[in-house]
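Visitor: With the input below, show me the fold.
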Amino acid sequence: MQQTSEPTGGHLVLVTGAGRSGTSTVAGALHHLGLHVPLPVLKTNESNPRGFFESTWPLWFHRRIMDAADIEQVDGRPGARELMHAAADQAVQDELVDWLRGVTADASQIVVKDPRASWVPHLWVNAAAELSLSIGFVTMLRHPAEVLGSRSTYYGRNRKGQAEERSFAVLNLAGWVNQTINTEQLTRGQARTWIRYDDLLEDWRGQMRAVRQATGVDLNHSLEPGVRHAVDDFIDPGLRRHEGSFADLDLPGSLTEIAEELWAAGNLLADRSGSDPEAEQRFDAAATAYATLFADSAAIAQHEARARVRAESQEAEARLRKRVRKARREGVAQGRAEALAERRGLVRRTASAVRRRLRRGNRS
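Guide: Numbers count the residues shown, from 1 in each chain. Okay, the predicted model is just below:
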């Protein structure tokens, strides 16, 4: 049974979902509708000209946990979730509580957007409970082919050749699959809503009504049609530059099938207020299928991985031997130079001693 948010000491809305899914757009809309985005925030750039609405403190907070767990933001390993949870100890939890206590001192409604939060939503749930805050999750849903296209445009420009392009796409799709599974399973039972990116662009009022219903936030607009608001100028449907289809992408069919199933299950959640037994069963089945696919792929790749390890080991040994030979040569040369210098010094000292004796003999 999905929880509903009851107003208590304030409201915290956590925006999740894969990067390039419209998380900045929904966070910006909530900001214009009266929710506070803690400062400072990321600056605009070419990939997000209207702003990220992403507070920097949560970004670095999550990154520190990821570094400790040795995982990437777009990490396709099913076991990455457990690594993150193991790295998020009580000290990490206390750090989040302290920060959240500070930002809620002057604002009763907070929106935090960071796709990395999907790894550790329990930290935010626990922190909100300790501070008597109602917490709700807004997850953005965009077809994975569109996400890949957007990520390729802005984050994959240094790839060289078709092999690197395909590897980039496969890794990112695996990351999307894993993150989408984690986002759904780890927020299950919480107050939440799922929003399709297309729906947000076409009818932001309807989607904000869903957010208000799920999270209990107060908005500074009635959301009635025809009543103009700043969000009308903020949301630009023209920002959608990529279409959702795997038809033109060279990707493994077994992986795209799982991605399409997650897309369909996510659409059920978007249509059914963020909670639906059928959708959750489909997510669990997709998670099992993906874990099997990942394990099989890792097993197949073992020969290649071992070969790379051997090659890298051999290269490292060759470099070490080269450095040793160089050091020996330099050491021999230095020894010869030192011996020659010592010999010259001995000759000078001997000649000086002989001259002194001769002078003494002449005086006598």
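Visitor: my read: V97 touches A129, true?
Guide: No. With contact defined as CB atoms under 8 Å, V97 does not reach A129; the gap is 9.8 Å. Yep, even glycine has a C-beta here, placed from its N, CA and C like the rest.
Visitor: quick one: which of these two has more around it?
Guide: The residue with more neighbours, out of V97 and A129, is V97; 17 against 13, by other CB atoms under 10 Å.
Visitor: Contact partners for the more buried one?
Guide: A127, E130, L131 (CB atoms under 8 Å, 6 or more residues apart in numbering).
Visitor: what's the helix or strand for it?
Guide: Under the criterion of DSSP states H and E, V97 resides in helix 90-103.
Visitor: Give the buried residues for that helix.
Guide: Neighbour-count burial for helix 90-103 flags V92, Q93, L96, V97, W99, L100, V103 (criterion: 16 or more other CB atoms under 10 Å).
Visitor: before we move on, back to that, of the contacts of V97 - the most surrounded one?
Guide: Greatest neighbour count in the contacts of V97, by other CB under 10 Å, goes to A127: 21 neighbours.
Visitor: which residue ranges form the helices in the stretch 251-364 of the chain?
Guide: Listed in chain order, the helices of the stretch 251-364 of the chain (DSSP state H, counting those that start in this stretch) span 253-271, 277-300, 302-363.
Visitor: winner for burial among the ones you listed?
Guide: helix 253-271 (a mean of 18; mean count of other CB atoms under 10 Å).
Visitor: And the contacts of that helix?
Guide: For helix 253-271, the surrounding residues in contact (CB under 8 Å, 6+ apart) are 139, 141, 143-144, 170, 173-174, 176-177, 180-181, 184, 193-196, 199, 246, 249, 275-276, 278-279, 282-283, 285-286, 289-290, 293.
Visitor: So the most centrally placed residue in the chain, which state does it fall into?
Guide: Closest residue to the average C-alpha location of the chain: Q73 at 2.3 Å, with CA atoms, centre = their mean. Reduced to three states with DSSP: H, G, I helix; E, B strand; the rest coil, the structure at Q73 is coil.
Visitor: check contacts around it.
Guide: Counting by CB under 8 Å, 6+ apart, Q73 touches G19, M66, P115, R116, G175.
Visitor: From V227, how far out is it?
Guide: Plainly put, Q73 is 38 Å away from V227 if you go by CB to CB, to the nearest Å.
Visitor: which parts of whatever helix or strand D67 lives in are buried?
Guide: Here D67, judged by DSSP H and E, is contained in helix 56-69. For helix 56-69, burial by neighbour count (16+ other CB under 10 Å) applies to W57, P58, L59, F61, H62, I65, M66, A69.
Visitor: Tell me if I'm right that the second one and V111 touch.
Guide: No. Contact between P58 and V111 fails when scored by CB under 8 Å: they sit 11.0 Å apart.
Visitor: Would you map the helices across the stretch 101-250 of the chain?
Guide: Applying DSSP H, counting those that start in this stretch to the stretch 101-250 of the chain gives helices spanning 121-130, 144-155, 161-187, 197-202, 204-215, 230-234.
Visitor: for the helix holding D67, packing partners?
Guide: helix 80-87, helix 90-103 (3 or more CB pairs under 8 Å, 6 or more residues apart in numbering; DSSP states H and E).
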